[in-house]
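In: below are the sequence and a predicted model; questions follow.
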Amino acid sequence: MKIKTTDGFVLDATFNEVPGSNKGVIFAHGITVDKDDEGIFVRASTELQKHGISTLLFSFRGHGNSSGESTKDFTISGQLIDLQSAFDFMESKGVTIFGLGGASFGGGASALYTGAHLDSIKALLLANPALNYEQAFLKPTTSWSKKHFSNNEELLTKQGFVPIGSRAFKAGPKLFDEMRQFKPYESLEQYKGPLLVVQGTEDSKIAYQDVESTITELSNPNKQLEIIQGSEHGFHDEPYETQVTDMVVNFFKDNL
């Protein structure tokens with residue numbers, strides 16, 4: 001199905017509806033991938049239906065089959081509009097109790113959205129989240145991020161974009177400008193509801209030490225940090241994917 005945003009984009013989405021339920025979870029994927037690439041969210045979406053919870057998976061603008069060009073259209077402010085459009089759609093289907101799950105770059109956007117909509121999010125789950133854009137992209141700390149982002153300014157000047165990952169996703173200058181403006185970890189500090197953060201120790205994209213220190217410093221009394229020993233970014237290998245999928249399902253089942 002398709003969801004139209006208030007600023008004219010069309011988002012590719014999968015809505016798994018539980019008729020008569022007012023509970024719903026929206027899942028936000030990471031950069032370069034799309035709604036079908038976060039295995040933990042795709043699998044959790046099916047399982048949550050069995051517990052009476054509707055789910056929505058969607059692709060951000062400039063990703064997958066959603067409209068928009070990554071170089072000029074994919075921005076953090078655009079992500080927040082996409083998330084608002086997803087929430088508006090779910091509300092039109094009768095959902096009033098919301099959970100939000102964000103992975104990687106979608107985790108940063110989810111933290112930002114939650115900080116601005118504290119009364120709307122009943123439970124927040126973040127998987128290997130990009131909570132500090134400076135550590136992850138502007139002054140990279142991991143081997144993968146150093147490889148891709150050590151010469152951002154040079155690439156943006158020469159070719160107008162920075163290629164990211166195996167798909168060579170083209171990230172444009174506005175995205176990097178907004179990374180200097182937005183601070184997901186500060187927004188997350190505002191949220192005091194149920195929070196589960198899951199992070200792998202072998203993550204080459206988002207350093208687990210950075211996530212661990214950020215979550216440890218949060219004043220949220222309802223926070224929970226799960227460190228997955230041995231897992232890379234995304235939890236795509238077994239037994240990690242099944243382990244984290246179960247965590248996602250149980251978290252929303254218990255808190256919505």
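Out: Nice, I can see it.
In: list the contacts for residue 195?
Out: Contacts of residue 195 were listed using C-beta atoms under 8 Å, 6 or more residues apart in numbering, and they are 123-126, 188, 218, 220, 222-224. Every residue, glycine included, has its C-beta placed from N, CA and C.
In: let's see that with 6 Å instead.
Out: 124, 220, 222-223 (C-beta atoms under 6 Å, 6 or more residues apart in numbering).
In: kindly report the same for residue 141.
Out: Residue 141 touches 135, 207, counting by C-beta under 6 Å, 6+ apart.
In: at 10 Å what do you get?
Out: 132, 134-135, 206-207, 209-210 (C-beta atoms under 10 Å, 6 or more residues apart in numbering).
In: from residue 135, how far off is it?
Out: 5 Å (C-beta to C-beta, to the nearest Å).
In: so what's in contact with these two at the same time?
Out: 206-207, 209-210.
In: are any of the residues you listed buried, and if so which?
Out: 206-207, 210 (16 or more other C-beta atoms under 10 Å).
In: just the pLDDT for residue 148.
Out: On pLDDT, residue 148 comes in at 85.
In: so what's it closest to, chain neighbours aside?
Out: residue 164 (5.7 Å; C-beta to C-beta, 6 or more residues apart in numbering).
In: phi, psi for that neighbour please.
Out: phi -120, psi 130 (degrees, to the nearest 10).
In: who does it form a beta bridge with?
Out: Applying DSSP bridges to residue 164 yields these beta-bridge partners: residue 169.
In: which residues touch it?
Out: Contacts of residue 164 (C-beta under 10 Å, 6+ apart): 31-32, 70, 105, 137, 144-145, 148-149, 170-171, 175.
In: cool, and residue 133?
Out: 76, 105, 108, 139, 175-176, 178-185.
In: same deal with residue 214?
Out: With C-beta under 10 Å, 6+ apart, residue 214 has these contacts: 111, 129, 131-132, 135, 184-185, 188-189, 197, 199, 225.
In: from what I see, residue 240 and residue 227 are in contact.
Out: No. With contacts counted by C-beta atoms under 10 Å, residue 240 stays clear of residue 227, the gap being 11.6 Å.
In: where do the contact lists of the two overlap?
Out: Shared contacts of residue 240 and residue 227, counting by C-beta under 10 Å, 6+ apart, come down to 198, 200.
In: neighbour-wise, which of those two wins?
Out: residue 240 (21 against 14; other C-beta atoms under 10 Å).
In: any idea how far residue 79 is from that one?
Out: From residue 240 to residue 79 the distance is 26 Å (C-beta to C-beta).
In: same check, this time on residue 198
Out: Distance from residue 198 to residue 79, by C-beta to C-beta: 20 Å.
In: same thing with residue 249?
Out: Using C-beta to C-beta, which is the criterion applied here, residue 249 is 25 Å from residue 79.
In: more neighbours: which of those two?
Out: residue 79 (26 against 21).
In: correct me if wrong: that one contacts residue 110.
Out: Yes. The pair residue 79 / residue 110 is scored as a contact, 9.0 Å apart, by C-beta under 10 Å.
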